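Trainee: here is a sequence with its predicted model. Questions after.
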Amino acid sequence: MTEIDLEYLKEELLQCRRCGICRNAVYEAKGFDGICPVWKNSSGFETSFMRGKIQVALALLNGELDKTPENAESLFQCTLCGNCTQICAAEFNPAESLEQVRQVLSDIPNEIRDSLTEKILINDNPYSEDNSEKRRWIEELGFSVPKTGKILYYVGCTAGMRLPAAARHTATILKASNVDFAILEDEPCCGSVMIRTGKVDEAKRNAEKVEQSIKESGAEKIIVSCAGCLKTLRKDYPERFDIELPETLHILEYAEELIKTGKLQPKEIENVTVTYHDPCHMGRELGVYDSPREVLKAIPGVELVEMDTIRETAICCGAGGGLRSYDSELSKKIGADRIRSAEDTGASIIATACPFCENNLLSGKKMAESSIGVVDVVDLLAKSLE
Ligand code: SF4
Ligand code: SF4
């Protein structure tokens, strides 16, 4: 359901004890270091981390602050990464509550969010491109992909339109495993960014389009290569919209199984040291930490080394929660911070499992003037299948 119980939400926000540990607590044993990536990479003002955002939210909800775009600004300076939720000892989920606040206050104009929403509703993608571009990369595969079938690869807007290598390599992995798969003729955006930025009713319209398209494709299983699509299709659709799709797996969950059963046999690649970045939507939100690591470890020649903050405590890439659109400089700064953490491991490559994270890490690499390689795990796996 898309409705929010306002009184319940306010009670939740009042659970905040104002302890402030979600700002920059460091728990070495747990690998926590500089909890809030926005606080760490921005003004450092009270409203840059969750404690201050909660006070702003309550003031807006209670009518103590005027509902103006300026007063609501800090609510959007957050990647909804969930790191504060991870450390918060109070009986609520601050990141989830903030997402709900954005929904309740969605009538406050926000030029960037509103334009992004309009683009998705008009074009079925946030990039203002003809949606047929999402299938363009298929031409380079050397084999055809049907539009209907029992296993559906739901490509996602960023892989389809910005990082087609991730889409090509996902298709290559499926083909190498002798998996017959289909790709929708006109794939609608999953609507993740609309949910995160409070435009939930609009996201529901897209969700219904996705549900219909998938139904018509005859799919019995869905494979995605984007962590945002994964969380949206697997968790948000049933919980928010009562939409139950066929089983939805990330390509790396699927590939882990294919490797274990011997259907996929990675061959040796040139020796390389790789560190893995956990996408928030896949890790903290869905608990998928092991599959990407197992796939990396199954590639002969890959040595996996870990950053200081990983799994439940991994610092965000900076792109989530609409921040990449809302404040791209801040988003890139956070990306640069993550790149520097990857460099500290001595790895020559940082691999992730989400084109949206990869895209922001690439921007962060540029800002940090780093020479580290930024790839998706599927890029390395596909290379080992050549
Ligand atoms: S959100 Fe949680 S961790 Fe942050 S100040 Fe409030 S009670 Fe403390
Ligand atoms: S969700 Fe992440 S970015 Fe937002 S306030 Fe919490 S720790 Fe900071």
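Mentor: Arrived safely, thanks for sending. Ligands and ions are numbered 1, 2, ... in the order given.
Trainee: okay, now Leu245: neighbour count?
Mentor: 19 (other C-beta atoms under 10 Å). Yep, even glycine has a C-beta here, placed from its N, CA and C like the rest.
Trainee: just the strands in the protein please.
Mentor: With DSSP state E, the ranges of strands along the chain come out as 26-27, 32-33, 151-154, 221-224, 247-250, 272-276, 302-305, 349-352, 373-376.
Trainee: want to throw these into JSON lines with mean pLDDT and mean neighbour count?
Mentor: As requested, those are exported to JSON lines (pLDDT from 0 to 100; neighbours: other C-beta atoms under 10 Å):
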{"stretch": "strand 26-27", "mean pLDDT": "69", "mean neighbour count": "12"}
{"stretch": "strand 32-33", "mean pLDDT": "60", "mean neighbour count": "18"}
{"stretch": "strand 151-154", "mean pLDDT": "98", "mean neighbour count": "24"}
{"stretch": "strand 221-224", "mean pLDDT": "98", "mean neighbour count": "22"}
{"stretch": "strand 247-250", "mean pLDDT": "98", "mean neighbour count": "20"}
{"stretch": "strand 272-276", "mean pLDDT": "98", "mean neighbour count": "20"}
{"stretch": "strand 302-305", "mean pLDDT": "98", "mean neighbour count": "16"}
{"stretch": "strand 349-352", "mean pLDDT": "98", "mean neighbour count": "25"}
{"stretch": "strand 373-376", "mean pLDDT": "98", "mean neighbour count": "22"}
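Trainee: among those, which is nearest Leu13?
Mentor: Between Leu13 and the strands of the chain, the tightest spacing by C-beta to C-beta is seen for strand 32-33, at 23.1 Å.
Trainee: contacts only, for whichever residue of the stretch 201-350 of the chain sits closest to ligand 2.
Mentor: Proximity of the stretch 201-350 of the chain to ligand 2 (C-beta to the nearest ligand atom) peaks at Cys316, 6.2 Å away. Cys316 is in contact with 37, 79, 81, 83, 280, 334, 338, counting by C-beta atoms under 8 Å, 6 or more residues apart in numbering.
Trainee: check what pLDDT the first one gets.
Mentor: Confidence per residue is given as pLDDT, and for Pro37 that number is 95.
Trainee: spatially, what comes nearest to it if we skip its sequence neighbours?
Mentor: With C-beta to C-beta, 6 or more residues apart in numbering as the criterion, Pro37 has its nearest non-adjacent residue at 4.6 Å, and that residue is Ile334.
Trainee: what does the pLDDT read for that neighbour?
Mentor: So, for Ile334, pLDDT stands at 97.
Trainee: most surrounded residue in the contacts of Cys316?
Mentor: Ile334 (31 neighbours).
Trainee: which bits of this structure sit near ligand 1?
Mentor: Listed as neighbours of ligand 1 in the chain under the rule C-beta under 6 Å from any ligand atom: 16-22, 50-51, 84, 87-88, 90, 94.
Trainee: quick check on those: which are buried?
Mentor: 16, 21-22, 50-51, 84, 87-88, 94 (16 or more other C-beta atoms under 10 Å).
Trainee: wait, Gly364 sits on Leu330?
Mentor: No: with contact defined as C-beta atoms under 8 Å, Gly364 does not count as touching Leu330 (11.4 Å).
Trainee: give me the more crowded residue out of the two.
Mentor: Gly364 (28 against 20).
Trainee: next, the contact list for the more buried one, please.
Mentor: With C-beta under 8 Å, 6+ apart, Gly364 has these contacts: 317-318, 332-339, 370.
Trainee: which of those residues sits closest to ligand 1?
Mentor: When the contacts of Gly364 are compared against ligand 1 (criterion: C-beta to the nearest ligand atom), the nearest one is Ile334, at 18.6 Å.
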